[in-house]
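Q: Dropping the sequence and predicted coords here.
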Amino acid sequence: MLNVDWNDRNGGMPPRETFWSAYSFIIIVILLIAAGGIALYLFGEDLLNGRPSKGVAGQAQNGISPEFYGRFDIQPLPAEVAGSGSMARNLAILVREPCDWQATYKFTDDLREEGYRREAAKVFLAFTAKCNPSDVALYNAADILYGLSDLDAALKVSNDLIVMSPDLAQNHYMRAQILEDAKRYQEAIDEYDSTIGLTDDLKSLNSTVFRRLSLSYAALGQYCQAITPIQTWISIDPSENDTPRTQSIIKDYSRKGKCAESYATGSDRFPTQGKDVITAQVSVNGVTGTFVVDTGASSVSLSKSFAERAEIRLGRDHMVRLQTANGIAMAQRTSLEKVKLGKVEADDVAAVVHADDHALGEGTDGLLGRSFLSRFDVTFGAKEWRIESKKQRD
């Protein structure tokens, strides 16, 4: 019978087990399971749903480099935002085609929906600066910044917008609102007047334009002038706009400005002679001229030469843009001490003076617009037209 020789040199010593050698395999398995659990906890939801992993917030994912975001002057979006369906698709397009307008616009929609409004404004600004000058992009950027109450940035963009597209009423309205909120009321009035003056059909404007213009005058303590925008709004469609609310505003301003007696007085009638264009002899500050009665004009308008004869005082500021029968014209806003037509008259009438005489046409000294006419009840018939001061309501 053979006995085991523990010192057999050929067989060698059998290994003696230690704690680590016995349990190292088990420890490795446990560590692998733990690592897998952590990975599943961090990235499992994305992997199961076929989405790219979230990674570290703020770092570019999906092949989108930080330089791509730098083009828009924004920080890289978190992966969970950039990796969402619509956002990911539009980002992929813009990586290939940086100046694709459709993808750019959709990308800004995605940003706004995710709460990245300022970033959306920057994307619009980058497009117009690096791709194609776009008044639509500038308008949207100004609108976003205005909504964020960043008035300085919004005003800067709106200034660029006016330079690019000076004849669009909506651009002036955007700038007017920003200036009003910045308490720069005189400039806001200019822009509201340009908004109205560049609008072909006043019925297309909503009441907010006239109300905010009125509020700007009131903020300056010019209560009699503040009445005119409200009266103009009423005159556009009296059946709809002449409400207890508007009448209450007028009465309040009239009381504060003590302007009831001089605001509008008298009554008269004039022949129309069956003409499409009605003219009248109108006195401004004691100087008489030939005016076209124009209910489509928001303000009384004067030719440059007539304004000089009537010694209308003008400053260097308060320029507005107007749509006339002869195209876009520049004019300067002013106030007329007294306007008289036959037996009717009104004080402190808002008016504009054109930069030249071409805008109104030969032989025309001015337009008798709504800033005067809206103070009265005006009716037109086949043979005559009537004008009389409005009856006060209780």
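A: In hand now; what should we look at?
Q: rest of the way, CA atoms for contacts and neighbours
A: Will do.
Q: Report the central residue of this structure.
A: Nearest residue to the geometric centre of the chain (C-alpha atoms, centre = their mean): M174, 3.2 Å.
Q: how close does that residue get to F127?
A: Applying C-alpha to C-alpha, to the nearest Å, the value for M174 to F127 is 20 Å.
Q: Quick one: low-confidence residue ranges for the stretch 151-300 of the chain.
A: 260-262, 273-274 (pLDDT under 70).
Q: in it, which spans are strands?
A: Here the stretch 151-300 of the chain has its strands, by DSSP state E, counting those that start in this stretch, at 267-271, 279-284, 287-293, 300-302.
Q: I'd like these as JSON lines, with distance to D252 appended.
A: Output for these, formatted as JSON lines (distance: least, C-alpha to C-alpha, whole Å):
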{"stretch": "strand 267-271", "distance to D252": "24"}
{"stretch": "strand 279-284", "distance to D252": "28"}
{"stretch": "strand 287-293", "distance to D252": "29"}
{"stretch": "strand 300-302", "distance to D252": "24"}
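Q: Need the winner for burial among the ones you listed.
A: strand 300-302 (a mean of 28; mean count of other C-alpha atoms under 10 Å).
Q: Just checking: what are the partner strands of it?
A: strand 344-354 (parallel), strand 366-368 (antiparallel) (DSSP bridges).
Q: now the longest one, how far from the centre of its chain.
A: I take that to be strand 344-354. 29 Å (C-alpha atoms, centre = their mean, to the nearest Å).
Q: any idea which of the strands paired with strand 300-302 is most buried?
A: strand 366-368 (a mean of 28).
Q: coming back round to it: want to try JSON lines for the strands paired with strand 300-302, with distance to D100 and mean pLDDT as columns?
A: Below are the strands paired with strand 300-302 laid out as JSON lines (distance: least, C-alpha to C-alpha, whole Å; pLDDT from 0 to 100):
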{"stretch": "strand 344-354", "distance to D100": "42", "mean pLDDT": "91"}
{"stretch": "strand 366-368", "distance to D100": "47", "mean pLDDT": "94"}
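Q: Tell me which of these approaches N206 most closely.
A: Nearest of the strands paired with strand 300-302 to N206, taken as C-alpha to C-alpha: strand 344-354 at 20.4 Å.
Q: give me the low-pLDDT residue ranges for the stretch 1-150 of the chain?
A: 1-63.
Q: Show me what the top strand by length along the chain is packed against.
A: With DSSP state E setting the assignment, residue counts place strand 327-341 as the longest strand in the chain. Contacts defined by 3 or more C-alpha pairs under 8 Å, 6 or more residues apart in numbering; DSSP states H and E place strand 327-341 against strand 279-284, strand 319-324, strand 344-354.
Q: Make JSON lines from those strands and add distance to K256 to it.
A: Below are these laid out as JSON lines (distance: least, C-alpha to C-alpha, whole Å):
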{"stretch": "strand 279-284", "distance to K256": "26"}
{"stretch": "strand 319-324", "distance to K256": "28"}
{"stretch": "strand 344-354", "distance to K256": "15"}
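Q: And these: which comes nearest G85?
A: strand 319-324 (45.3 Å).
Q: Run through who's touching the closest one.
A: Under the contact criterion C-alpha atoms under 8 Å, 6 or more residues apart in numbering, strand 319-324 has outside partners 167, 190-191, 193-194, 197-200, 328-333, 359-360.
Q: Can you list the strands that it pairs with?
A: According to DSSP bridges, strand 319-324 forms sheet pairs with strand 327-341 (antiparallel).
Q: Going by neighbour count, which residues in the strand it pairs with are buried?
A: A329, M330, A331, Q332, R333, T334, S335, L336, K338, V339, K340, L341 (16 or more other C-alpha atoms under 10 Å).
Q: Contact partners for the fifth one?
A: Taking C-alpha under 8 Å, 6+ apart as the definition of contact, the neighbours of R333 are D190, L314, H318, M319, V320, A350, A351, V352, V353.
Q: let's go with 7 Å and repeat that
A: H318, M319, V320, A351, V352, V353 (C-alpha atoms under 7 Å, 6 or more residues apart in numbering).
Q: from those, which single one is nearest S86?
A: Of the contacts of R333, the one sitting nearest to S86 (C-alpha to C-alpha) turns out to be V320, at 43.0 Å.
Q: for P133, helix, strand, or coil?
A: Three states are possible here, and by DSSP: H, G, I helix; E, B strand; the rest coil the one that applies to P133 is coil.
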